[in-house]
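Colleague: Show me the folded form of this:
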Amino acid sequence: MNAKKVIIDCDPGIDDALALMLALSSPELDVLGITIVSGNVSADKGVNNALKILKWMNRTDIPVYLGERLPLVREYVNAEDTHGEDGLGESGYESPDDLSYHTDAVSFLSQSLLNAASSGDFISIIALGPMTNIARLIQTCPKSLCGLSELVSMGGNYKSHGNCSPVAEYNYWCDPHAARLVYEAFETNPLLSRKPIHMVGLDVTRKIVLTPNLLEYICQISPEVGEHIRRITRFYFDFHWKQEQVIGCVINDPLAIAYFIDRSLCHGFLTYTTVETEGLCMGQTIVDAFDFWKKKKNSIVLTHTDAFRFMCFFIGRICHKDSSQMEPVLRQIMEVRP
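Modeller: Numbering: from 1, shown residues only. Here you go, the predicted structure:
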């Protein structure tokens, strides 16, 4: 198997941690590096959390790069009310003082893409947080985009309501100017022709709920993995109940990783998308589903997913189990008929 070369740009983050666990458990991915941006927590906390996750996963060979600390224009607003002050649900994991990280994520991104263009072995970026690092890359080294294979972004929403305002998803709301700049680049930059952004937004991620029963099943079949997840998601469970009356927690980011590996897990449509940067609707994704503006289609907006198939994939990978053998129990837990 020829693994796809990827860089994961993220803001860890409870669901980012789960996404990294999935990525690092998937042989289809060759993770070249992890770049960190301020989002759920500050970039400085984020690099520390990424190192913790790499240590859990015995993958400290993967480099971590500190990226942009502030949004392009607006004031930075974290999501520690959702993820805890430490970003990992107040789980109390100690900092891995024996590990170090690199600085200048944007330079790492640009150099990696330039090298990829020279070799013909293109790199994809899976963006799980605000797109500030990606926007800075476009601003500072646009020629590097010739080395980009695909951009998958967990962010935005089409018909679903928002999660930090009535109309906006957090990653795009946190840095709307960056999100808009990136979508505009995929409309106008000839190097990105025929490479639409894959928008893995709330329309599909809201359907991915880690329930207490699913968590207990993980703990039963893989106690060590289950203990990590239990520790970081307790805070997340409480937040989701208080905020949305959900028993369990929505785990957005792992779906972006799973979709990158297996495109049959989600489907959507090709369209033009932009992002509102100001006012009451700041961060809202404007999806021109009916081609009103007649603009170049710059995105694939995902609208449907199969939550049962995702859970089989996700739990099977992180627990290193045969997903087909788990299906009867997962059907019972998720109340899915054969």
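Colleague: Please, where are all the helices along this protein?
Modeller: For the chain, applying DSSP state H gives helices covering 14-24, 43-56, 80-83, 105-119, 132-140, 170-174, 176-188, 202-205, 212-221, 223-244, 252-261, 307-319, 323-334.
Colleague: I'd like those as CSV, with mean pLDDT and distance to residue 283 appended.
Modeller: (Glycine included, C-beta is placed from N, CA and C.) Formatted as CSV, those follow (pLDDT from 0 to 100; distance: least, C-beta to C-beta, whole Å):
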stretch, mean pLDDT, distance to residue 283
helix 14-24, 98, 18
helix 43-56, 97, 19
helix 80-83, 95, 15
helix 105-119, 97, 22
helix 132-140, 98, 13
helix 170-174, 98, 3
helix 176-188, 98, 5
helix 202-205, 98, 12
helix 212-221, 97, 30
helix 223-244, 94, 17
helix 252-261, 98, 15
helix 307-319, 97, 25
helix 323-334, 92, 31
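Colleague: closest to residue 275 out of those?
Modeller: Nearest of the helices of the chain to residue 275, taken as C-beta to C-beta: helix 176-188 at 4.2 Å.
Colleague: Remind me what the closest one packs against, helices and strands.
Modeller: Applying 3 or more C-beta pairs under 8 Å, 6 or more residues apart in numbering; DSSP states H and E, one finds that helix 176-188 contacts helix 132-140, strand 148-154, strand 197-200, strand 266-275.
Colleague: I'd like to know which of the helices of the chain is closest to residue 4.
Modeller: Closest approach to residue 4 among the helices of the chain (C-beta to C-beta): helix 252-261, 7.8 Å.
Colleague: Any chance of CSV for the helices and strands packed on helix 176-188, columns distance to residue 36 and mean neighbour count?
Modeller: Output for the helices and strands packed on helix 176-188, formatted as CSV (distance: least, C-beta to C-beta, whole Å; neighbours: other C-beta atoms under 10 Å):
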stretch, distance to residue 36, mean neighbour count
helix 132-140, 8, 23
strand 148-154, 15, 22
strand 197-200, 19, 27
strand 266-275, 22, 20
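Colleague: can I get the ones you listed in CSV with distance to residue 321?
Modeller: Formatted as CSV, those follow (distance: least, C-beta to C-beta, whole Å):
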stretch, distance to residue 321
helix 132-140, 34
strand 148-154, 25
strand 197-200, 25
strand 266-275, 23
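Colleague: Quick one: residues contacting the residue nearest in space to the middle of the chain.
Modeller: The centroid of the chain falls nearest to residue 128 when counting by C-alpha atoms, centre = their mean (2.4 Å). Applying C-beta atoms under 8 Å, 6 or more residues apart in numbering to residue 128 gives the contacts 8-11, 13, 15-16, 19, 154, 171, 253, 256.
Colleague: between the residues you listed, which is nearest residue 67?
Modeller: Taking C-beta to C-beta as the measure, residue 67 lies nearest residue 9 of the contacts of residue 128, at 7.4 Å.
Colleague: Can you name the residues bridging to that closest one?
Modeller: For residue 9, the beta-bridge partners are residue 35, residue 127 (DSSP bridges).
Colleague: Can you give me the pLDDT of it?
Modeller: We have a pLDDT of 98 for residue 9.
Colleague: before we move on, the earlier item: of the helices of the chain, which approaches residue 65 most closely?
Modeller: Proximity to residue 65 (C-beta to C-beta) singles out helix 105-119 among the helices of the chain, at 3.8 Å.
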